[in-house]
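Trainee: let's see this in three dimensions:
(one chain, ligands or ions: 1)
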Amino acid sequence: MALVAVGQLTSTASMANNLRQCQILVKKAVQAGAKALFLPEATDYISSSAEESLSLVKPVQESEFVLGLQEEARRFKLPIHVGVHEPSSQTSSQQRIKNTVLWINEQGEIAHRYQKIHLFDVDIQGGPVLKESQSVEPGMKIEPPFETAFGKVASTICFDLRFPEIGISLRRQGAEIITYPSAFTVPTGQAHWEVLLRARAIETQSYVIAAAQVGRHNEKRVSYGHSMIIDPWGRIVASVGEKADEPEIATATIDLELVKKVRAEVPLRRRTDVYPEV
Ligand SMILES: O=C(O)CNC(=O)[C@H](CS)NC(=O)CCC(=O)C(=O)O
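Mentor: The predicted model follows:
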């Protein structure tokens, strides 16, 4: 059994300020006795255009944001899961970046990395129009869950939440905790956020940890907030809400016995003789 924290903040285009907000979240997580801190998608920065995003992106070893978080993790022996941007490794004519999540272990090392595979290209009437694929290169693989002191953790990012296959696949690979670091829009968040997260927890019989951006990032972008942790029975066991005046955490205990109990009580034997396995 271990206590973990989800952290919620409003990232802007100022990486220095975003790091300061994360330092507040680290302090709160340490004070609460948490054994890990989970931060949202794009915690390093949220820009107002593809051009601005391309101008801000840096490799992790040159990013004062990532280096600063690694220092925090080392100093407090607190592993941190965090969404960032990284330069593309491909040499193509169209310059694009990667939307990734990192696991920084308690030694401050990057021990796991996942690159977002589903990109958010939407045109909602009266709502947001966002074309993530204009500046972001999609990942090409699901990463197997990684071992932590409190269970096997798997990573997805934000819009990946709408694709149950990735959760099912991660569960099949042994995940006990599935993370959805996000920056959900307000209209889609109001309509879909909680119900999708709870569905992913119930159908995978896993803990779901969903750290989210909240509030106004710039003149164009506002995020829904409502970071939460859900247990394998689908109960919300920690939630932050939508206040955006200061960085905030919520904590919950990860109980692997509950994961075992739910999986034993309601065995989900897939009919892969009838439909394909994912
Ligand atoms: O732009 C960045 O730097 C960080 N990335 C994001 O904020 C991404 C792409 S625009 N947001 C989402 O995927 C929201 C999904 C969503 O809101 C939904 O599925 O309804």
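Trainee: residues in the protein within reach of the ligand, list them.
Mentor: By C-beta under 6 Å from any ligand atom, the part of the chain that sits against the ligand consists of 41-42, 46, 53, 99, 120, 130, 132, 158-159, 162, 183-185, 188. Heads up, the C-betas are built off the backbone N, CA and C, glycines and all.
Trainee: let's see that with 5 Å instead.
Mentor: Residues of the chain found near the ligand (C-beta under 5 Å from any ligand atom) are 42, 120, 130, 132, 158-159, 183-185, 188.
Trainee: number of residues surrounding the residue in the stretch 151-278 of the chain positioned nearest to the ligand?
Mentor: Closest approach between the stretch 151-278 of the chain and the ligand, counting by C-beta to the nearest ligand atom: residue 188, at 3.0 Å. If you count neighbours by other C-beta atoms under 10 Å, residue 188 ends up with 18.
Trainee: pull the number of nearby residues for the nearest residue to residue 268 once chain neighbours are set aside.
Mentor: Distances taken as C-beta to C-beta, 6 or more residues apart in numbering put residue 205 closest to residue 268, at 6.7 Å, once the chain neighbours are dropped. Using other C-beta under 10 Å, residue 205 has 23 other residues around it.
Trainee: which residues touch residue 205?
Mentor: Residues counted as contacts of residue 205 (C-beta atoms under 8 Å, 6 or more residues apart in numbering) are 171, 232, 259, 262-263, 266, 268.
Trainee: got the phi and psi for it?
Mentor: Note on residue 205: backbone dihedrals following degrees, to the nearest 10 are phi 50, psi 50.
Trainee: how much space separates it from residue 263?
Mentor: 5 Å (C-beta to C-beta, to the nearest Å).
Trainee: now tabulate the residues of the chain next to the ligand in a markdown table and tack on pLDDT.
Mentor: Below are those laid out as a markdown table (pLDDT from 0 to 100):
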| residue | pLDDT |
| --- | --- |
| 42 | 98 |
| 120 | 97 |
| 130 | 92 |
| 132 | 94 |
| 158 | 98 |
| 159 | 98 |
| 183 | 98 |
| 184 | 98 |
| 185 | 97 |
| 188 | 97 |
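Trainee: closest to the centroid, which residue in this protein?
Mentor: In the chain, the C-alpha nearest the mean C-alpha coordinate belongs to residue 181, at 1.5 Å (C-alpha atoms, centre = their mean).
Trainee: correct me, but that one touches residue 102?
Mentor: No. Look at residue 181 against residue 102 with C-beta atoms under 8 Å: they stay out of range, at 10.2 Å.
Trainee: can you work out which residues contact both of those two?
Mentor: Joint contacts of residue 181 and residue 102 (C-beta under 8 Å, 6+ apart) are 81-82.
Trainee: picking that back up, my reading is that the residue of the stretch 151-278 of the chain closest to the ligand lies in a helix. Confirm?
Mentor: Yes. Residue 188: assigned to a helix according to DSSP: H, G, I helix; E, B strand; the rest coil.
Trainee: residue 196 versus that one, what's the distance?
Mentor: Counting by C-beta to C-beta, the gap from residue 188 to residue 196 is 10 Å.
Trainee: then residue 109?
Mentor: 32 Å.
Trainee: now do the helices in the stretch 1-150 of the chain.
Mentor: With DSSP state H, counting those that start in this stretch, the ranges of helices along the stretch 1-150 of the chain come out as 15-32, 50-56, 64-76.
Trainee: got the CA coordinates for the second one in PDB?
Mentor: What it means is helix 50-56. Taking Å, rounded to 0.1, in the frame of the first residue of the first chain, the C-alpha atoms of helix 50-56 are listed here in PDB:
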ATOM      1  CA  ALA A  50       2.500  25.400 -33.400                       C
ATOM      2  CA  GLU A  51       5.300  28.000 -34.200                       C
ATOM      3  CA  GLU A  52       5.600  28.900 -30.500                       C
ATOM      4  CA  SER A  53       5.700  25.200 -29.500                       C
ATOM      5  CA  LEU A  54       8.500  24.600 -32.000                       C
ATOM      6  CA  SER A  55      10.500  27.500 -30.700                       C
ATOM      7  CA  LEU A  56      10.200  26.300 -27.100                       C
END
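Trainee: got the buried residues for that helix?
Mentor: Of the residues in helix 50-56, 50, 53-54, 56 count as buried by neighbour count, 16 or more other C-beta atoms under 10 Å.
Trainee: about what we covered before: take the residues of the chain next to the ligand and lay them out in JSON lines including distance to residue 67.
Mentor: Converted to JSON lines, the residues of the chain next to the ligand look like this (distance: C-beta to C-beta, whole Å):
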{"residue": "42", "distance to residue 67": "18"}
{"residue": "120", "distance to residue 67": "28"}
{"residue": "130", "distance to residue 67": "29"}
{"residue": "132", "distance to residue 67": "26"}
{"residue": "158", "distance to residue 67": "24"}
{"residue": "159", "distance to residue 67": "28"}
{"residue": "183", "distance to residue 67": "22"}
{"residue": "184", "distance to residue 67": "28"}
{"residue": "185", "distance to residue 67": "30"}
{"residue": "188", "distance to residue 67": "33"}
